[in-house]
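*Asks:* let me see the structure of the following:
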Amino acid sequence: MIPYGKHHIDSADIQAVIDVLENQFLTQGQQVPAFEQALADNCNARYAAAVNSGTSALHIACLALGVSAGDSVWTSPLSFVASANCARYCGAQVDFVDIGPQTRNICTTALAKKLEQAKKTNTLPKVIVVVHYAGLSCDMQAIRELTSPLGIALIEDASHALGGMYQGKPVGSCEYSDACVMSFHPVKSITSAEGGAVLTNNAELQNQLRLFASHGITRDPQQMLGQPDGPWYYQQIALGYNYRLSDLHAALGLSQITKLSGFVQARTEKARRYLDAFRQLPLDLPVETQSASSAWHVFAIALKQHDRKEIFVRLQQAGIGVNVHYIPIHLQPYYRALGFEPGQFPNAEAFYQQALTLPLYPDLSADNQQQVIDAVIESLS
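*Replies:* Numbers count the residues shown, from 1 in each chain. Below you'll find the predicted structure:
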């Protein structure tokens with residue numbers, strides 16, 4: 001079975017992890033700060049706080065921006081549930097903004113209308129989690145122009161988009177957002193096995209991120225109440241979590257980030273091959289925009305006139321590990337219990353009904369990709 005996604009690990013990655021096992025601290029050593037600096041440098045951001053998952057990164061980003069009970073957070077319905085769950089962890093309400101059918105990202109027209117309505121009813125969100133679906137950046141400048149006058153903070157959920165570009169700058173530079181979240185799950189642009197990070201240009205926000213990622217504990221005397229008892233002293237000044245990344249994971253991530261541009265180039269070349277092969281088929285294909293180039297985390301197609309389940313089964317039987325990204329969050333039973341119903345976000349729901357994700361990863365061979373292409377063409381014939 002050709003998987004829809006797969007990590008690339010080479011001898012340098014393996015040796016980096018072995019070096020930590022044999023010679024360094026396994027946790028709270030030097031690899032995590034080095035990885036954070038490399039990530040910040042790569043994305044042109046001032047700070048990066050590495051944690052143990054993208055979900056943890058989303059959670060502490062919400063916490064650091066003060067999300068709590070009584071607040072509202074909006075996000076895209078077309079994402080993994082973590083993009084909404086992070087707000088629920090903080091006790092906040094969640095709502096969604098429908099996607100644009102071409103970009104599959106938050107539709108700025110729909111956002112403008114929803115903000116205007118919320119302004120009239122005094123129900124504006126405190127934060128919007130903006131999801132860069134499949135690796136393509138949302139129109140962050142337009143979203144910032146809509147939200148900044150209203151005092152709404154922006155978190156980029158760039159879990160798919162490390163290595164992508166927006167307006168000629170790396171996704172993660174936080175030019176139009178307060179924070180940007182990355183994921184290093186094995187199918188993402190780079191992997192640390194499991195891991196995530198929050199990037200920001202705000203020093204105070206960075207301090208809060210670090211607090212919430214490590215039990216709310218500080219060793220900085222300037223943050224303490226009263227004088228420290230001695231050089232061993234620490235204080236818990238907030239209710240934080242144990243979201244720290246180990247040095248083993250950071251060492252792998254640090255080795256992987258040196259290969260990021262090659263990974264994204266390989267993904268882009270394979271995406272172009274799919275686009276060329278499928279252009280005449282009855283499919284809605286992924287797009288890029290004038291302002292954004294994708295990191296091509298996944299290659300998601302939408303069927304125009306075929307039964308999705310039938311095609312899914314045919315491709316699985318042909319040895320193609322297709323997937324679906326995603327079941328809209330508001331249709332999940334947990335969110336249905338909160339009052340969401342089918343029909344509220346029609347573009348996301350329509351895309352889901354016909355969506356299929358095809359294999360795409362750096363090590364996908366030309367022969368295997370041709371096998372995917374042939375199987376798709378045959379299944380649709």
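*Asks:* what's near enough to touch the most centrally placed residue in the chain?
*Replies:* With distances taken as Cα atoms, centre = their mean, Ser159 lies nearest the centre of the chain, 1.7 Å away. Contact analysis of Ser159 by Cβ atoms under 8 Å, 6 or more residues apart in numbering lists 54, 80, 132, 181-183, 185, 188, 196. C-beta here means a position set from N, CA and C on the backbone, and glycine is covered the same way.
*Asks:* return the distance of it relative to Val322.
*Replies:* 21 Å (Cβ to Cβ, to the nearest Å).
*Asks:* one step back: how about TSV for the contacts of Ser159, with pLDDT added?
*Replies:* As requested, those are exported to TSV (pLDDT from 0 to 100):
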residue	pLDDT
Gly54	98
Phe80	98
His132	98
Val181	98
Met182	98
Ser183	98
His185	97
Lys188	98
Gly196	98
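*Asks:* need those in a markdown table with secondary structure, distance to Gln353 and neighbour count, can you?
*Replies:* Formatted as a markdown table, these follow (DSSP: H, G, I helix; E, B strand; the rest coil; distance: Cβ to Cβ, whole Å; neighbours: other Cβ atoms under 10 Å):
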| residue | secondary structure | distance to Gln353 | neighbour count |
| --- | --- | --- | --- |
| Gly54 | helix | 27 | 27 |
| Phe80 | coil | 18 | 20 |
| His132 | coil | 22 | 31 |
| Val181 | strand | 28 | 32 |
| Met182 | strand | 30 | 29 |
| Ser183 | strand | 26 | 29 |
| His185 | coil | 26 | 20 |
| Lys188 | coil | 26 | 25 |
| Gly196 | strand | 30 | 28 |
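*Asks:* just those residues now: which is nearest Ala337?
*Replies:* Nearest to Ala337, judged by Cβ to Cβ, of the contacts of Ser159 is Phe80 at 18.8 Å.
*Asks:* and the nearest residue to that closest one once chain neighbours are set aside, how many neighbours does it have?
*Replies:* For Phe80, ignoring the flanking residues on the chain, the nearest one in space by Cβ to Cβ, 6 or more residues apart in numbering is Tyr326 at 6.0 Å. Using other Cβ atoms under 10 Å, Tyr326 has 23 other residues around it.
*Asks:* Tyr326 contacts Ser76, doesn't it?
*Replies:* No. With contact defined as Cβ atoms under 8 Å, Tyr326 does not reach Ser76; the gap is 9.6 Å.
*Asks:* if I look at Gln117, how far off is Ser148?
*Replies:* For Gln117 relative to Ser148 (Cβ to Cβ), the value is 18 Å.
*Asks:* should've said Pro231
*Replies:* Distance from Pro231 to Ser148, by Cβ to Cβ: 43 Å.
*Asks:* quick one, which of these two is more surrounded?
*Replies:* Counted by other Cβ under 10 Å, Pro231 and Ser148 do not tie: Ser148 has more neighbours, with 12 against 6.
*Asks:* what secondary structure does that one sit in?
*Replies:* Three-state assignment for Ser148 (DSSP: H, G, I helix; E, B strand; the rest coil): helix.
*Asks:* next, give phi and psi for Leu358.
*Replies:* phi -100, psi 160 (degrees, to the nearest 10).
*Asks:* what about the closest residue in space to Arg267 that isn't next to it in sequence, neighbour count?
*Replies:* Leaving aside its chain neighbours, Arg267 sits nearest to Trp296 (3.9 Å; criterion: Cβ to Cβ, 6+ apart). Around Trp296 there are 29 other residues, counting by other Cβ under 10 Å.
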